[in-house]
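Chemist: Build the 3D model from these lines:
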Amino acid sequence: MKRCLVWKWILLIIFEVVNLSMQIEYQFELEDESIYTNCSNVQPGTLNINGLFDMTHLSTIMKPEGIELSGNMTSVFNAQPSDRIEVTGNLFYFDRGTWQPTTLNMAIKDFCKVMYDEKQLWYKEWAARVTNKDVIKDNCIKEHGTVFLMETYTIKLRFGSSMPLVSGRYTLRIRVFAIDQSGKKRPNDVCYEVKGTFFKI
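Modeler: Numbering: from 1, shown residues only. Have a look, this model is predicted:
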(Lines give C-alpha, C1' and ligand atoms only; values in the text may rest on other atoms or scores of the structure.)
Protein backbone atom coordinates (compact mmCIF):
# COMPACT_ATOMS: atom_id res chain seq x y z
CA MET A 1 0.00 0.00 0.00
CA LYS A 2 2.82 2.43 0.93
CA ARG A 3 4.66 1.62 -2.30
CA CYS A 4 1.47 2.32 -4.28
CA LEU A 5 1.06 5.73 -2.61
CA VAL A 6 4.69 6.59 -3.32
CA TRP A 7 4.24 5.79 -7.01
CA LYS A 8 1.10 7.94 -7.16
CA TRP A 9 3.03 10.90 -5.76
CA ILE A 10 5.89 10.32 -8.18
CA LEU A 11 3.49 10.22 -11.13
CA LEU A 12 1.77 13.42 -9.98
CA ILE A 13 5.14 15.20 -9.75
CA ILE A 14 6.15 13.95 -13.21
CA PHE A 15 2.86 15.12 -14.75
CA GLU A 16 3.26 18.54 -13.12
CA VAL A 17 6.83 18.92 -14.43
CA VAL A 18 5.77 17.85 -17.93
CA ASN A 19 2.87 20.29 -17.85
CA LEU A 20 5.13 23.19 -16.82
CA SER A 21 7.73 22.30 -19.46
CA MET A 22 5.04 22.29 -22.17
CA GLN A 23 3.80 25.75 -21.27
CA ILE A 24 4.43 28.55 -23.75
CA GLU A 25 5.25 31.97 -22.33
CA TYR A 26 3.43 35.01 -23.71
CA GLN A 27 3.60 38.71 -23.00
CA PHE A 28 0.44 40.81 -23.12
CA GLU A 29 1.08 44.34 -24.36
CA LEU A 30 -1.70 46.72 -23.30
CA GLU A 31 -3.04 48.92 -26.07
CA ASP A 32 -4.72 51.66 -24.03
CA GLU A 33 -3.04 53.93 -21.49
CA SER A 34 -6.19 53.90 -19.34
CA ILE A 35 -5.98 50.06 -19.25
CA TYR A 36 -9.72 49.46 -18.83
CA THR A 37 -12.44 49.77 -21.49
CA ASN A 38 -16.21 49.25 -21.37
CA CYS A 39 -17.94 46.00 -22.25
CA SER A 40 -20.37 45.97 -25.16
CA ASN A 41 -23.80 44.31 -25.26
CA VAL A 42 -24.28 44.12 -21.50
CA GLN A 43 -27.50 43.98 -19.49
CA PRO A 44 -29.03 47.31 -18.39
CA GLY A 45 -27.66 48.36 -15.01
CA THR A 46 -24.24 46.81 -15.60
CA LEU A 47 -21.48 49.22 -14.60
CA ASN A 48 -17.96 49.68 -15.95
CA ILE A 49 -14.71 49.72 -13.94
CA ASN A 50 -15.87 52.89 -12.20
CA GLY A 51 -18.59 50.85 -10.52
CA LEU A 52 -15.86 48.84 -8.84
CA PHE A 53 -13.24 51.47 -8.01
CA ASP A 54 -12.99 55.23 -7.84
CA MET A 55 -9.74 55.77 -9.71
CA THR A 56 -9.61 59.56 -9.51
CA HIS A 57 -6.23 59.33 -7.79
CA LEU A 58 -4.81 56.53 -9.94
CA SER A 59 -2.30 57.53 -12.60
CA THR A 60 -1.47 55.47 -15.69
CA ILE A 61 1.14 56.78 -18.13
CA MET A 62 2.23 55.13 -21.39
CA LYS A 63 6.02 54.87 -21.56
CA PRO A 64 8.37 53.11 -24.02
CA GLU A 65 8.81 50.18 -21.63
CA GLY A 66 5.08 49.89 -20.86
CA ILE A 67 2.34 51.51 -18.78
CA GLU A 68 3.47 53.01 -15.48
CA LEU A 69 0.87 52.87 -12.71
CA SER A 70 0.88 54.81 -9.43
CA GLY A 71 -1.47 56.35 -6.88
CA ASN A 72 -4.48 54.70 -5.27
CA MET A 73 -7.94 53.35 -5.96
CA THR A 74 -10.97 53.28 -3.67
CA SER A 75 -13.57 50.52 -3.55
CA VAL A 76 -17.10 51.73 -4.46
CA PHE A 77 -18.60 48.33 -5.34
CA ASN A 78 -22.26 47.68 -4.49
CA ALA A 79 -21.62 44.94 -1.95
CA GLN A 80 -21.96 44.19 1.74
CA PRO A 81 -19.26 42.70 4.03
CA SER A 82 -21.24 39.43 4.25
CA ASP A 83 -21.53 39.03 0.46
CA ARG A 84 -19.66 36.54 -1.66
CA ILE A 85 -17.83 38.09 -4.63
CA GLU A 86 -17.90 36.09 -7.84
CA VAL A 87 -15.58 36.91 -10.76
CA THR A 88 -15.51 35.52 -14.29
CA GLY A 89 -12.93 36.09 -17.02
CA ASN A 90 -13.24 35.33 -20.74
CA LEU A 91 -10.54 35.81 -23.37
CA PHE A 92 -11.59 36.87 -26.87
CA TYR A 93 -9.50 37.03 -30.06
CA PHE A 94 -10.04 39.71 -32.72
CA ASP A 95 -10.50 38.03 -36.10
CA ARG A 96 -11.87 39.56 -39.31
CA GLY A 97 -13.51 42.49 -37.56
CA THR A 98 -15.21 40.61 -34.71
CA TRP A 99 -14.30 39.33 -31.26
CA GLN A 100 -14.22 35.53 -31.24
CA PRO A 101 -14.37 33.51 -28.00
CA THR A 102 -11.43 31.31 -27.04
CA THR A 103 -11.30 28.31 -24.74
CA LEU A 104 -9.45 30.30 -22.06
CA ASN A 105 -12.00 31.17 -19.38
CA MET A 106 -12.09 31.30 -15.60
CA ALA A 107 -14.78 31.39 -12.92
CA ILE A 108 -13.93 32.28 -9.33
CA LYS A 109 -16.80 31.59 -6.95
CA ASP A 110 -15.28 33.34 -3.92
CA PHE A 111 -12.79 35.96 -5.05
CA CYS A 112 -12.09 37.30 -1.56
CA LYS A 113 -10.65 33.96 -0.46
CA VAL A 114 -7.97 34.08 -3.17
CA MET A 115 -7.52 37.81 -3.75
CA TYR A 116 -4.02 37.79 -2.24
CA ASP A 117 -3.12 34.23 -3.23
CA GLU A 118 0.35 34.30 -4.80
CA LYS A 119 -0.60 31.53 -7.25
CA GLN A 120 -3.33 33.60 -8.93
CA LEU A 121 -2.84 35.29 -12.31
CA TRP A 122 -3.53 38.78 -10.99
CA TYR A 123 -1.26 38.60 -7.94
CA LYS A 124 2.08 39.68 -9.40
CA GLU A 125 0.75 42.63 -11.41
CA TRP A 126 -1.95 43.87 -9.02
CA ALA A 127 -2.46 42.39 -5.54
CA ALA A 128 1.29 42.19 -4.78
CA ARG A 129 1.55 45.91 -5.61
CA VAL A 130 -0.94 46.99 -2.93
CA THR A 131 1.37 48.51 -0.32
CA ASN A 132 -1.20 48.58 2.52
CA LYS A 133 -2.56 45.06 1.95
CA ASP A 134 -1.67 43.94 5.47
CA VAL A 135 -4.06 46.58 6.84
CA ILE A 136 -6.97 46.15 4.39
CA LYS A 137 -6.72 42.49 3.34
CA ASP A 138 -9.83 41.50 5.31
CA ASN A 139 -11.89 44.17 3.52
CA CYS A 140 -11.37 42.63 0.08
CA ILE A 141 -13.34 44.84 -2.36
CA LYS A 142 -16.57 44.56 -0.33
CA GLU A 143 -15.92 47.39 2.13
CA HIS A 144 -17.07 50.64 0.51
CA GLY A 145 -14.37 53.30 0.86
CA THR A 146 -11.41 50.92 1.24
CA VAL A 147 -8.35 52.64 -0.24
CA PHE A 148 -5.82 50.49 -2.10
CA LEU A 149 -2.44 52.23 -2.06
CA MET A 150 -0.43 51.18 -5.10
CA GLU A 151 3.32 51.25 -5.49
CA THR A 152 4.68 52.94 -8.59
CA TYR A 153 5.57 50.25 -11.13
CA THR A 154 5.52 49.39 -14.83
CA ILE A 155 2.94 46.77 -15.74
CA LYS A 156 4.46 43.71 -17.43
CA LEU A 157 1.78 41.11 -18.05
CA ARG A 158 3.07 37.61 -18.74
CA PHE A 159 1.02 34.50 -19.23
CA GLY A 160 1.97 30.84 -19.47
CA SER A 161 -0.26 28.47 -21.43
CA SER A 162 0.04 24.86 -22.50
CA MET A 163 -2.32 25.78 -25.34
CA PRO A 164 -0.75 27.73 -28.24
CA LEU A 165 -2.22 31.18 -28.88
CA VAL A 166 -2.28 32.93 -32.22
CA SER A 167 -0.30 36.17 -31.93
CA GLY A 168 -2.60 39.11 -32.32
CA ARG A 169 -5.15 41.35 -30.65
CA TYR A 170 -7.13 40.05 -27.66
CA THR A 171 -9.49 41.34 -25.02
CA LEU A 172 -9.98 39.95 -21.54
CA ARG A 173 -13.55 40.50 -20.33
CA ILE A 174 -13.94 40.56 -16.55
CA ARG A 175 -17.30 40.44 -14.77
CA VAL A 176 -17.74 40.99 -11.03
CA PHE A 177 -20.87 40.03 -9.07
CA ALA A 178 -21.89 40.46 -5.43
CA ILE A 179 -23.99 37.57 -4.10
CA ASP A 180 -25.88 38.08 -0.84
CA GLN A 181 -26.30 35.49 1.92
CA SER A 182 -29.51 34.16 0.38
CA GLY A 183 -27.66 33.47 -2.89
CA LYS A 184 -29.27 36.38 -4.75
CA LYS A 185 -27.17 38.52 -7.07
CA ARG A 186 -27.16 42.19 -6.18
CA PRO A 187 -27.89 44.77 -8.92
CA ASN A 188 -25.22 46.87 -10.60
CA ASP A 189 -22.65 44.17 -11.26
CA VAL A 190 -19.49 45.27 -13.06
CA CYS A 191 -18.09 44.42 -16.49
CA TYR A 192 -14.87 45.76 -18.00
CA GLU A 193 -12.31 44.73 -20.57
CA VAL A 194 -8.55 44.91 -20.93
CA LYS A 195 -7.41 45.01 -24.55
CA GLY A 196 -3.96 44.27 -25.91
CA THR A 197 -1.76 42.05 -28.04
CA PHE A 198 -0.22 38.71 -27.14
CA PHE A 199 3.38 38.10 -28.20
CA LYS A 200 5.15 34.78 -27.83
CA ILE A 201 8.35 35.21 -25.76
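Chemist: And what about Ser34, helix, strand or coil?
Modeler: Counting by DSSP: H, G, I helix; E, B strand; the rest coil, the backbone at Ser34 sits in coil.
Chemist: ok, it to Thr146 distance?
Modeler: Counting by C-beta to C-beta, to the nearest Å, the separation of Ser34 from Thr146 is 22 Å. For glycine as for every other residue, the C-beta is placed from the backbone atoms N, C-alpha and C.
Chemist: Between these two, tell me which one has more neighbours.
Modeler: Remark: of Ser34 and Thr146, Thr146 carries more neighbours, 19 against 12, as counted by other C-beta atoms under 10 Å.
Chemist: Quick check, central residue of the protein?
Modeler: Per C-alpha atoms, centre = their mean, the C-alpha nearest to the average position across the chain is that of Trp122, at 4.8 Å.
Chemist: For that one, what is the enclosing helix or strand?
Modeler: Using DSSP states H and E, Trp122 sits within no helix or strand.
Chemist: show me what contacts it?
Modeler: Under the criterion of C-beta atoms under 8 Å, 6 or more residues apart in numbering, Trp122 has no contact partners.
Chemist: and it, backbone torsions?
Modeler: phi -90, psi -10 (degrees, to the nearest 10).
Chemist: Tell me the predicted confidence for it.
Modeler: The predicted local distance difference test score for Trp122 is 87.
Chemist: Tell me the spacing between it and Val194.
Modeler: In this structure, Trp122 and Val194 are 11 Å apart, going by C-beta to C-beta.
Chemist: One more: Lys184?
Modeler: Lys184 is 29 Å from Val194, where distance means C-beta to C-beta.
Chemist: so Lys200 sits right up against Tyr26, yeah?
Modeler: Yes: the pair formed by Lys200 and Tyr26 meets the contact definition of C-beta atoms under 8 Å, at 5.8 Å.
Chemist: what about those two, which has more around it?
Modeler: Counted by other C-beta under 10 Å, Lys200 and Tyr26 do not tie: Tyr26 has more neighbours, with 20 against 11.
Chemist: so the more buried one sits in a helix?
Modeler: No: if the criterion is three-state DSSP, then Tyr26 is strand and not within a helix.
Chemist: residue contacts, Tyr36?
Modeler: Residues near Tyr36 by C-beta under 8 Å, 6+ apart: Asn48, Ile49, Tyr192, Glu193, Val194.
Chemist: Next: Thr37.
Modeler: Neighbouring residues of Thr37 by C-beta under 8 Å, 6+ apart: Thr171, Tyr192, Glu193, Val194, Lys195.
Chemist: Give me the secondary structure label for the first one.
Modeler: Of the three states, Thr171 takes strand according to three-state DSSP.
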